[in-house]
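1. okay, sequence plus prediction incoming.
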Amino acid sequence: MEHGHTAEEVSERLSQPFKNAYLKDCVYGGIDGAVTTFAIVAGVHGAGFSPTIILALGIANVLADGFSMAASNYSATKAEFEDIERLRAVERRHIRDVPEGEREEIRQILQNKGLSGQTLERAVEEISSNEETWIDMMLVDEYGKAPGDPRPMRSALATFFSFMACGLVPLLPFLLALHDPFPVAIITTAMTFFAIGILKSNWSLHPWWRSGLETLLIGSAAAAIAYYAGHFVSLLTG
């Protein structure tokens, strides 16, 4: 079982504040870091350029694209946070100005959940007696907003560091000046895609191998497109 179900365990678990999860940020950053960097490595290698150019373009991508993704994620998460705060202010104003209308909204929400009669009226009274509980319920059931406050900086950092960690993998064989580094880069990048998929399966109903293969196929498709695009350009200019 994922957690206990005794009265004490349930009470302790439900009393904890909601925690923001950064799985989406890490998976998004990791896959994009590995895909875009390997795409550059494959494309430049397919075009027949030297390992020095591969390193220069690859490192530039890891730093610039990683920062760009982190900044974009920060802006998007901040916008989400500000939207939640705006809706809280709207509901707080409505509760002050039209409390009966807001109680009617709570009443109909609870009716849709199956409550009726005196049970429904008592529930409406209890929920509307606490303004924050009232607002939280409206955020979830009227606007579809998840509980918890988004953390823009943490989301941005999760994206950046996962992008950096996975984005450096295709460059390592070139940084280490290995003999024939491109095949090694293919293998290590494929392993990275598969590992990201396995990690993702911990939060999925799919088995680990299916999630790993799915991520591997996505990354491999992007890499193959980049490689053959570079090879095609090389033929045209050669």
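-> Yes, it's here. From a predicted model like this one, the values you see are computed outputs, not experimental measurements.
2. can you give me the helices for this protein?
-> Listed in chain order, the helices of the chain (DSSP state H) span 7-15, 23-46, 51-97, 99-112, 117-128, 131-141, 152-167, 172-175, 181-201, 208-237.
3. most tightly packed of those helices?
-> Stretch with highest mean neighbour count among these: helix 23-46 (a mean of 24; mean count of other CB atoms under 10 Å). For every residue, glycine as well, the C-beta is placed using N, CA and C.
4. you'd agree residue 102 is up against residue 91?
-> Yes - at 7.4 Å, residue 102 and residue 91 qualify as touching, with contact defined as CB atoms under 8 Å.
5. worst mean pLDDT across the helices and strands of this structure, which element?
-> Among the helices and strands of the chain, helix 7-15 carries the lowest confidence by mean pLDDT, DSSP states H and E, at a mean of 72.
6. residues in contact with residue 212?
-> Residues near residue 212 by CB atoms under 8 Å, 6 or more residues apart in numbering: 193, 194, 195, 197, 198, 201.
7. quick check: it vs residue 159, distance?
-> According to CB to CB, to the nearest Å, residue 212 stands 21 Å off from residue 159.
8. then residue 71?
-> From residue 71 across to residue 159, the span is 9 Å (CB to CB).
9. report the set of residues contacting both of those two.
-> By CB under 8 Å, 6+ apart, no residue touches both residue 71 and residue 159.
10. which neighbours do residue 102 and residue 91 share?
-> 134, 138.
11. please name the nearest non-neighbouring residue to residue 94.
-> Leaving out its chain neighbours, the residue that sits closest to residue 94 by CB to CB, 6 or more residues apart in numbering is residue 102, at 5.3 Å.
12. dump the residue contacts of the one you found.
-> For residue 102, the contacting residues are 91, 94, 95, 128, 134, 138, by CB under 8 Å, 6+ apart.
13. again, but for residue 167
-> 33, 34, 36, 37, 58, 61, 62, 65, 66.
14. switch the cut-off to 10 Å
-> Shown in contact with residue 167 (CB atoms under 10 Å, 6 or more residues apart in numbering): 29-30, 32-38, 40, 58-59, 61-63, 65-66, 69, 189, 192.
15. how far does stretch 37-47 sit from the chain's center?
-> Computed by CA atoms, centre = their mean, to the nearest Å, the chain-centroid distance of stretch 37-47 equals 26 Å.
16. now stretch 152-165
-> Taking CA atoms, centre = their mean, one finds stretch 152-165 lying 10 Å from the centre of the chain it belongs to.
17. state the mean pLDDT of that stretch.
-> Mean per-residue pLDDT for stretch 152-165: 92.
18. cool, stretch 218-234 as well?
-> Mean pLDDT, stretch 218-234: 77.
19. repeat that for stretch 31-43.
-> Stretch 31-43 carries an average pLDDT of 86.
20. output that stretch as CSV, restricted to C-alpha atoms.
-> Taking Å, rounded to 0.1, in the frame of the first residue of the first chain, the C-alpha atoms of stretch 31-43 are listed here in CSV:
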residue,chain,number,x,y,z
ILE,A,31,14.2,14.9,-22.4
ASP,A,32,14.6,18.2,-24.2
GLY,A,33,18.2,18.6,-23.0
ALA,A,34,19.1,15.1,-24.3
VAL,A,35,17.1,15.5,-27.6
THR,A,36,18.2,19.0,-28.6
THR,A,37,21.9,18.4,-27.7
PHE,A,38,22.1,15.1,-29.4
ALA,A,39,20.2,16.5,-32.4
ILE,A,40,23.0,19.1,-32.7
VAL,A,41,25.7,16.4,-32.3
ALA,A,42,23.9,14.2,-34.9
GLY,A,43,23.2,17.0,-37.3
